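> based on what follows, work out the 3D shape:
(chains A and B)
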Amino acid sequence: MSLRMSPYSSRRSRVWPALLVTGALAFTAACGGDDDGGSGGSADGGQTTIEFSWWGSDERHQLTQQAVDAFEAKNPGIKVEVQFSDWDSFYDTLTTQVASGDAPDVFTIEIRRLGEFARAGRLADAGSMVATEGLNSQLLTSGQVDGTQYAIPTGANTFALMANTKILADAGVELPDDSSWTWEDYHALAAQVSEATGEDVYGTQINFNDAYLRLFAAQRGEEFYEGTQIGISPETIADWFQTHLDLIGNGGSPDAALSTEVGATSVEQSLIATNTGAMGMWWSNQLGALTTGSGEDVQLLQVPKEEGATTNGMFLQPTMFWAISEQSDKQEAAAKLVDFLVNDPEAGAILGSDRGLPMNDAVLSEIRDELPAADQQSLAFIEEHADSLTAPTAYPNGAGDVPDMLQRYGEEVIFERMTPEQAAEEFLREANGVLS
Amino acid sequence: MTDTQVRPPVAGAQKRPPEPRPGAVRADKARKKRRRKEALTAHLFLAPWFIGLLCITAGPLLASLYLSFTDYSPIGGAHWIGLENYTRMTDDPRFVKALTNTAIYVFVSVPLQLAFALALAMVLDRGVRGLAIYRSVYYLPSLLGSSVAIAILWRKMFGDDGLFNDFLGIFGVEGQSWIADPDTALGTLIVLNVWTFGSPMVIFLAGLRQIPPSYYEAASIDGAGKVRQFFSITLPLLTPIIFFNLVLQLINAFQSFTQAFVISGGNGSPADSTLFYTMYVYNKGFTSFEMGYASAMAWVLVLIIATLTAVNFLMSKYWVFYSDK
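Modelled structure (predicted):
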């Protein structure tokens, strides 16, 4: 081995490389200071620089960048530095920035986290700086926490039942009458489709989305959150878990293991999108992906109702919000950007329905005809049911954990490791323990 | 790295003249100077690591120790709550679940992985043609094993219409989704870890090369069969290397994160069966914003690994055999 050569042969030539390497490393990596010499950029040459951060896909990054360019063209005094990431790492980055007092001036946030950030005093009062008159007032209230408009909704979605018309036709069944169908009808239809289409094609895909529980409970007049607790009764939660067991039991959906595997994949890999299932519950802004994936006509339907229920419980979901950081010392410029994004038809035309269907009349009237077919279908659906669609209010702290919990207890149920009643009880205990 | 023949670079000591001569004092001084320079070189080479430790790791390390006694949330503030985070673990069922999962994973996969590595090293040590190629091929999984790409591939392989079920289909066995069933999901992760046997294998190979062939010759002349030779020569002489691999792989396995994170979709699905300790720490810190609790759990993990390693070293007295002692 090379270690055996005399250690003294070339000492001089060894110290210097060592010094060099050390110096270089110390300089570049170790204690390197801030690259921009302080937080958040500052005014240079009469220009205000603001930071703008969001999550999303490549397509969203491009669209948002275009909107930012249009904003800068209209506001020569403001320069926007963008930061974006995928969904998985977005909150990691944002919370780290907030913790170090270096939050971006403008960022996107969703309803599960809105309450938490607002109550911790991390968000500025956006409502007092951004014009909101044109926005759907129902939707707007979802951005309020304790009476203050901390965030401005980017657009709206609704959680609906989607049906792949090709699979239904293959199975020889009619598209159901969604104004009056019940959960029993839905389960029976799913089983019928599975039966008629043979192996590997199923009636529907189960899901543990909290939106499903929300509307299921609303049909019984129960609110998801009451103050800082879950407002749904243990019986309703148990019945909800039972619907999953029923669908697996009657063959309407794949068995527990396959359901779990499919459930963990993206909308592009869903049963509807891969033409291996007729139905499933999805957000209205996923209709485009389902249609493209399957290449078939996918219809957006009202969810089934409980026997005798007066409402189907469907609601208008704020897709996400624009928020302005309380830590920002350039809130005025930040508010200008948010105002442009929600109110300017030019921004609306660029962004389209990427962050939900715009719920601003001025923007909508401008871009309605430009929207893709799937979006027009969603928009027509939302407008048709506008009277019955309410919007949720900000969630209690800790609500971000609830979806994973529902999924976990749901899996305990479908693998028959817990009864629906046990799972409901455990879920309530754990959820109420973290909510505050 | 396992070459015990390497002499420490203090060759000066051997050249020391038998009795003091007039020039001895000067030579001694020169030697001291030389040694100082030696030390300086060593320190310089270590410096980047030390600077990194001090500037990057030490601060957060100490901060996390402090935070583990608070209810710190990254978006809120931190309040001193004493030992509450530590006592909370004892009646947190998910903490217990995470610890159990991790323990099963570590204590099943590491012995299997080492056994596999040793077996393959012995096959390759017989002078297979193209050894370098085999060595590289078998080493590859070690490099890739903890990557996101492999975890995604694993999902596919053990999924409902994955390769593994195709393989079972040959024998007429109807498979199921192995990654989505709470009874088998952890098993697929264990298989994944065993599959990354390459790095211990390479170390075993180096170790096998150091056992003098004359031992085997002598043994076979005395009539010892292959099995006897393995247990009486190979295994005892390899114990230091087994020990080294064991310590290293145990520590590694306890810190596994990526595979379980990707395969479970980040939340331990199905039904918490793949909830690893590190993943629970991450989820508590970054999803639930309970950074104080997460810090406390991280420190408990440090204690667990430290204790386990200490026990390992203490136990090594009884089974590890150093031939040069």
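
> show the end-to-end separation of stretch B:47-58, please.
Between the opening and closing residues of stretch B:47-58 there is a gap of 14 Å (Cα to Cα, to the nearest Å).

> chain center to that stretch, what's the gap?
For stretch B:47-58, the distance from its own C-alpha centre to the chain's C-alpha centre is 22 Å (Cα atoms, centre = their mean, to the nearest Å).

> what mean pLDDT does it get?
The average pLDDT within stretch B:47-58 is 86.

> so is that stretch next to chain A?
Yes. On the criterion Cβ under 8 Å from any Cβ of the partner chain, stretch B:47-58 is in touch with chain A at B:Ala47, B:Pro48, B:Ile51, B:Gly52, B:Cys55, B:Ile56. The way it works is simple: take the backbone N, C-alpha and C, and place the C-beta from them, glycine included.

> export stretch B:189-201 as CSV, just CAs?
Taking Å, rounded to 0.1, in the frame of the first residue of the first chain, the C-alpha atoms of stretch B:189-201 are listed here in CSV:
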residue,chain,number,x,y,z
LEU,B,189,-38.0,-2.7,3.4
ILE,B,190,-35.9,-5.4,5.2
VAL,B,191,-35.3,-7.1,1.8
LEU,B,192,-34.2,-3.8,0.4
ASN,B,193,-31.7,-3.3,3.1
VAL,B,194,-30.4,-6.9,2.8
TRP,B,195,-30.0,-6.2,-0.9
THR,B,196,-27.5,-3.4,-0.2
PHE,B,197,-24.9,-6.0,1.0
GLY,B,198,-22.2,-4.6,-1.3
SER,B,199,-20.2,-2.5,1.1
PRO,B,200,-19.8,-5.0,3.9
MET,B,201,-19.1,-7.6,1.2
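
> neighbouring contacts of it?
Counting by Cβ atoms under 8 Å, 6 or more residues apart in numbering or on different chains, the neighbours of stretch B:189-201 from elsewhere in the structure are B:104-105, B:108-110, B:112-114, B:116-118, B:120-121, B:124, B:138-146, B:150-151, B:154, B:245, B:248-249, B:253, B:256, B:259-260, B:263, B:274.

> at 6 Å what do you get?
With Cβ atoms under 6 Å, 6 or more residues apart in numbering or on different chains as the contact definition, stretch B:189-201 has outside contacts at B:105, B:108-109, B:112-114, B:116-117, B:120-121, B:138-139, B:141-142, B:145, B:154, B:245, B:259-260.

> can I get the residues of stretch B:47-58 next to chain A in TSV with secondary structure?
Rendered in TSV, the data for the residues of stretch B:47-58 next to chain A read as follows (DSSP: H, G, I helix; E, B strand; the rest coil):
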residue	secondary structure
B:Ala47	helix
B:Pro48	helix
B:Ile51	helix
B:Gly52	helix
B:Cys55	helix
B:Ile56	helix
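
> looking at those residues, which is nearest A:Pro304?
Minimum distance to A:Pro304 across these is 55.5 Å, recorded for B:Ile56 (Cβ to Cβ).

> measure that closest one to B:Lys226 for me?
B:Ile56 sits 51 Å away from B:Lys226 when distances are taken as Cβ to Cβ, to the nearest Å.

> out of these two, which sits in the more crowded spot?
Neighbours of B:Ile56 and B:Lys226, each counted by other Cβ atoms under 10 Å in any protein chain shown, are more numerous for B:Ile56; the result is 14 against 11.

> residues contacting that one?
Taking Cβ under 6 Å, 6+ apart as the criterion, B:Ile56 is in contact with no other residue.

> what subset of the residues of stretch B:47-58 next to chain A is buried?
B:Ala47, B:Pro48, B:Ile51, B:Gly52 (16 or more other Cβ atoms under 10 Å in any protein chain shown).

> which one among these gets closest to B:Arg36?
Checking those against B:Arg36 by Cβ to Cβ gives B:Ala47 as the nearest, at 15.9 Å.

> want to throw the residues of stretch B:47-58 next to chain A into CSV with distance to A:Leu114?
Output for those, formatted as CSV (distance: Cβ to Cβ, whole Å):
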residue, distance to A:Leu114
B:Ala47, 47
B:Pro48, 44
B:Ile51, 41
B:Gly52, 38
B:Cys55, 36
B:Ile56, 33
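
> the domain parsing of the chain - what is it?
Assuming you mean chain A. Structurally, chain A divides into domains by automatic domain parsing as follows: A:48-155+A:319-383, A:159-314+A:398-434.

> wrong chain, I was asking about chain B
Using automatic domain parsing, the domains assigned to chain B come out as B:23-67, B:84-319.

> so of those, which one's packed in deepest?
Ranked by mean neighbour count, the domains of chain B are led by domain B:84-319 with a mean of 17 (mean count of other Cβ atoms under 10 Å in any protein chain shown).

> what is the end-to-end distance of that one?
By Cα to Cα, one end of domain B:84-319 lies 41 Å from the other end.

> run the chain-centre distance for that domain.
For domain B:84-319, the separation from the chain centroid amounts to 8 Å (computed by Cα atoms, centre = their mean).

> and for stretch A:100-116?
Relative to its chain's centre, stretch A:100-116 lies at 14 Å (Cα atoms, centre = their mean).

> could you give the mean pLDDT of that stretch?
With pLDDT averaged residue by residue, stretch A:100-116 scores 91.

> and that stretch, anywhere near chain B?
No. Judged by Cβ under 6 Å from any Cβ of the partner chain, stretch A:100-116 stays clear of chain B, getting no closer than 6.6 Å.

> what's that stretch in contact with?
With contacts defined as Cβ under 6 Å, 6+ apart, stretch A:100-116 is touched by A:39, A:50-54, A:97, A:145, A:151, A:318, A:320-321, A:323-325, A:327-328, A:330, A:334, A:337, A:394-395, A:397, A:399-400.

> spatially nearest residue to B:Arg228 (excluding sequence neighbours)?
Using Cβ to Cβ, 6 or more residues apart in numbering or on different chains and skipping the chain neighbours, the partner closest in space to B:Arg228 is B:Ala219 (7.3 Å).

> which regions of chain A lie under the pLDDT threshold?
Of all residues in chain A, those with pLDDT under 70 make up the ranges A:1-45.

> what about 50?
Counting by pLDDT under 50, the ranges of chain A that qualify are A:1-12, A:25-43.

> just give the nearest non-adjacent residue to residue 112, would you?
Assuming you mean chain A. Nearest residue to A:Arg112, sequence neighbours excluded (Cβ to Cβ, 6+ apart): A:Gly400, at 4.6 Å.

> ah, I was thinking of chain B
In space, and not counting its chain neighbours, B:Leu112 is closest to B:Val194: 4.8 Å by Cβ to Cβ, 6+ apart.

> tell me the secondary structure for A:Phe340?
Going by three-state DSSP, the secondary structure assigned to A:Phe340 is helix.

> contacts only, for it.
The neighbourhood of A:Phe340, defined by Cβ under 6 Å, 6+ apart, consists of A:Phe71, A:Ala347.
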